[in-house]
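Engineer: this is a predicted model, with the sequence first.
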Amino acid sequence: MSDYRHWFWLGVVLLCCAFVYLLHPILTPFLVGILLAYMADPLVDRLEAWGLSRTLGVVVVFLFFTLLLVLGLVVLIPMLAKQLVRLYELAPQMLDWLQQGALPWLQTKLGLAEGFWKFDRIKAAISAHMGQTSDIVGLVLQRATASGLALVGWLANLVLVPVVGFYLLRDWDVMMGKIRGLLPRQREKQIVGLAAECHEVLGSFVRGQLMVMLALGAIYACGLMLTGLELGLLIGVIAGLASIVPYMGFITGIGIAMVAGLFQYGLDPLHLALIAGVFIVGQALEGMVLTPMLVGDRIGLHPVAVIFAVLAGGELFGFTGVLLALPVAAVIMVLVRHVHDLYKQSDLYAGHEDPEL
């Protein structure tokens, strides 16, 4: 009977993997909807505690996030688009600066062979491409509408995400209760305990780290723009997005910002110090304020585990695998932790001396 149960659960796992593999092209809006419902459920629960009905609480939360999205589209997106266009225009000049200034200096300091850096072909290709694509928006629209069916599918997914998220969020507690009611009675307490640990790991990382990421993106972008860095908003947003992995945003952001600062200001120590100061202040705020307040002392996912999970999920199942990577990594982390505890309590770990010896 025990072997039968093991084979049964192994079959369930394999069936789920096959389901994801075969249907992953259409799973993206549903997974994004589940993610939205999972992240917004604590807000709706708090509104329910204040006396609102579940449906009204969901409507309030959706209106709030819709307002944030509209503000982002109206304010942030046009500013980022301008900086992307500006970066596109500055690319040949930056290559000139690298070829004639920065790289010869590195070549002299490191003793590299002359002609080691060859950027002429890259610069010529970029310049020729710019001459052929003066209307960037027109090019993007032309490629986006090249396949009408693909465009319709993309728009359908865009509309489907909030619909799925709304209904899942409204019925979230009911669905969790029904799933718990289907658990084997003898194992209910153990399974609920494991699920609670997975929820703690995911909650601390997905909700907490996402808030840290947004806060750091705002700090970096505002700070760099105050220093006068021309591409400050774009670099700040990139550093904030990279902060989904702890310390990755700081390393990536300060590296790109210092290169952009050297290109814009040269070796001006004041501006370079101000740019470095923005990231030092942001890192200090993350360690002393943001992470303790938004994440707390709960155990999250290790940065290496996050990187491996996202890359492995993307390689196996594309964007659907990226969405599934963190939940699966959290479950595996909890199971490995319990296997580790069982191993430390086992005779295999402790060992027993032979009494005859």
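Structural biologist: Cool, the structure landed.
Engineer: what does the helix or strand where Leu210 lies contact?
Structural biologist: If you go by DSSP states H and E, Leu210 is part of helix 210-226. For helix 210-226, the external contacting residues (CB atoms under 8 Å, 6 or more residues apart in numbering) are 39, 232-233, 235-237, 239-241, 243-244, 249, 253, 257, 275, 277-279, 281-282, 285-286, 290-291, 294-295. (Glycine included, C-beta is placed from N, CA and C.)
Engineer: just the buried subset of those, please.
Structural biologist: The neighbour count (16 or more other CB atoms under 10 Å) marks 39, 232-233, 235-237, 239-241, 243-244, 249, 253, 257, 275, 278-279, 282, 286, 290-291, 294-295 as buried among the contacts of helix 210-226.
Engineer: name the next helix or strand downstream of the helix holding Leu210, please.
Structural biologist: helix 232-242.
Engineer: so which bits of the helix or strand following that next one are buried?
Structural biologist: Using DSSP H and E, the next helix or strand after helix 232-242 towards the C-terminus is helix 248-265. Neighbour counts over helix 248-265 (16+ other CB under 10 Å) mark 248-250, 252-254, 256-257, 260-265 as buried.
Engineer: now helix 248-265: average pLDDT?
Structural biologist: Here helix 248-265 scores 86 as its mean pLDDT.
Engineer: for whichever helix or strand comes after it, list the C-alpha coordinates in CSV.
Structural biologist: Where DSSP H and E defines the elements, the next helix or strand beyond helix 248-265 is helix 269-285. Extracted in CSV, the C-alpha atoms of helix 269-285 (Å, rounded to 0.1, in the frame of the first residue of the first chain):
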residue,chain,number,x,y,z
PRO,A,269,35.5,63.5,-9.1
LEU,A,270,32.5,65.4,-7.7
HIS,A,271,30.0,64.0,-10.1
LEU,A,272,31.4,60.5,-9.9
ALA,A,273,31.3,60.7,-6.1
LEU,A,274,27.7,61.9,-6.2
ILE,A,275,26.8,59.0,-8.5
ALA,A,276,28.5,56.5,-6.2
GLY,A,277,26.9,58.2,-3.2
VAL,A,278,23.4,57.5,-4.6
PHE,A,279,24.0,53.8,-4.7
ILE,A,280,25.7,53.7,-1.3
VAL,A,281,22.7,55.5,0.3
GLY,A,282,20.3,53.2,-1.5
GLN,A,283,22.2,50.1,-0.3
ALA,A,284,22.3,51.5,3.3
LEU,A,285,18.5,52.2,3.2
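Engineer: packing partners for helix 269-285?
Structural biologist: Secondary-structure packing of helix 269-285 (3 or more CB pairs under 8 Å, 6 or more residues apart in numbering; DSSP states H and E): helix 210-226, helix 248-265.
Engineer: chain center to the longest one: distance?
Structural biologist: Put plainly, it is helix 248-265. The chain centroid and the centroid of helix 248-265 are separated by 20 Å under CA atoms, centre = their mean, to the nearest Å.
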